[in-house]
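**Student:** Got a predicted structure here, sequence first:
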Amino acid sequence: MERVSPWGFIGMGALACLLFLTLAALRFAPWWSVLVLVLVWLVLFARACRWFAPAPHRVAWTAAVGFVLWGTVQVAGAIWLW
């Protein structure tokens, strides 16, 4: 029996958290920026599903990239609106 790496599950859990953050951004961000972030999340999720079994460590890095993109968009939007 093969040993299963936990990184795929950690990455998928992080992607689920990222989706909630992205959708919660509707309260303070323009709708079009949230739409772009949701589309980016869908691409990241599709990539994570593809990498889940063959390369589970990449799934965690995919989630990390998503969090960095989300934070960058939120900070840039705050600076732009300020």
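**Tutor:** Nice, I can see it.
**Student:** So which residue is dead centre in this protein?
**Tutor:** Nearest to the geometric centre of the chain sits residue 66, at 3.5 Å (Cα atoms, centre = their mean).
**Student:** quick one, phi/psi of that one?
**Tutor:** When read as degrees, to the nearest 10, the backbone of residue 66 gives phi -60, psi -40.
**Student:** give the contact list for it.
**Tutor:** In this structure, residue 66 makes contact with 14-15, 18, 40-41, 44, judged by Cβ atoms under 8 Å, 6 or more residues apart in numbering. To be clear about C-beta, it is placed using only N, CA and C from the backbone, and glycine gets the same treatment.
**Student:** Mind checking which of those are buried?
**Tutor:** Neighbour counting with 16 or more other Cβ atoms under 10 Å marks 14-15, 18, 40-41, 44 as buried within the contacts of residue 66.
**Student:** Give me the subset of those residues lying in helices.
**Tutor:** Mapping these onto helices (DSSP state H) picks out 14-15, 18, 40-41, 44.
**Student:** returning to that earlier point: now, among the contacts of residue 66, which is nearest to residue 82?
**Tutor:** residue 40 (23.6 Å; Cβ to Cβ).
**Student:** what separates that closest one from residue 64, distance-wise?
**Tutor:** The gap separating residue 40 from residue 64 is 14 Å, by Cβ to Cβ, to the nearest Å.
**Student:** now residue 14
**Tutor:** Note on residue 14: its distance to residue 64, by Cβ to Cβ, is 7 Å.
**Student:** quick one: average confidence on the helix or strand harbouring residue 68?
**Tutor:** Taking DSSP states H and E as the criterion, residue 68 maps to helix 56-81. The pLDDT scores in helix 56-81 average 93.
**Student:** Which parts of it count as buried, going by neighbours?
**Tutor:** Buried residues in helix 56-81, defined by neighbour count with 16+ other Cβ under 10 Å: 56, 58-60, 62-63, 66, 69-70, 73-74.
**Student:** buried sites along the helix or strand where residue 32 lies?
**Tutor:** Using DSSP H and E, the element containing residue 32 is helix 31-51. Neighbour counts using 16+ other Cβ under 10 Å place 33-34, 37, 40-41, 44-45, 48, 51 of helix 31-51 among the buried residues.
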